[in-house]
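Participant: no FASTA, just this:
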């Protein structure tokens, strides 16, 4: 990547960051409250939800495509359940969500965008592998 392209991309990410955090909040609230119309309006037509079990093999990865299937999966994943908390915070230095049980993380959710719409939702299970998801190593 050229220096100019890198500079432009870095500037775009900095400018878009607050918009993406608001969009992740809207996604979370719409899925949690089962507001299907609002949820669908936040997704690109070809949205994908990728769930990685963290087992390290391809059989542990599940992918759904399209607004209808993605909406059902997101509603199920973000539904209010006793003892489960979904919080908005950075995941890999981008807008995301952490799903916790009794204060221990059980999944991280990163969100990719095309413009202002959600294009891919990445769900990573296995909290042992996530201990350093926001760490920066020199």
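Facilitator: Good, I have the coordinates. Since the structure is predicted, the reported quantities are computational estimates derived from the model, not experimental observations.
Participant: Please give the element, helix or strand, for residue 7.
Facilitator: helix 3-32 (DSSP states H and E).
Participant: just the strands in this protein please.
Facilitator: Counting by DSSP state E, one finds strands in the chain at the ranges 43-52, 61-65, 84-91, 94-101, 104-114, 117-125.
Participant: for this protein, which spans come out with low pLDDT?
Facilitator: The model of the chain has pLDDT under 70 over residues 1, 5-6, 8-17, 127-138.
Participant: can you rerun that using 50?
Facilitator: Low-confidence segments of the chain, defined by pLDDT under 50: 130, 135-138.
Participant: Just give me the neighbour total for the nearest residue to residue 35 once chain neighbours are set aside.
Facilitator: Leaving aside its chain neighbours, residue 35 sits nearest to residue 29 (7.6 Å; criterion: CB to CB, 6 or more residues apart in numbering). To be clear about C-beta, it is placed using only N, CA and C from the backbone, and glycine gets the same treatment. The number of residues packed near residue 29 is 15, by other CB atoms under 10 Å.
Participant: any idea how far residue 102 is from residue 29?
Facilitator: Relative to residue 102, residue 29 is positioned 23 Å away (CB to CB, to the nearest Å).
Participant: for residue 111, same thing?
Facilitator: Using CB to CB, residue 111 is found at 25 Å from residue 102.
Participant: cool, residue 49 as well?
Facilitator: In terms of CB to CB, residue 49 sits 25 Å off from residue 102.
Participant: which one of the two has more residues nearby?
Facilitator: residue 49 (23 against 8).
Participant: so that one makes contact with residue 64?
Facilitator: Yes: with contact defined as CB atoms under 8 Å, residue 49 reaches residue 64; the gap is 5.0 Å.
Participant: For those two, list the residues in contact with both.
Facilitator: Common contacts of residue 49 and residue 64 (CB atoms under 8 Å, 6 or more residues apart in numbering): 70, 73.
Participant: Tell me how many other residues crowd residue 96.
Facilitator: 24.
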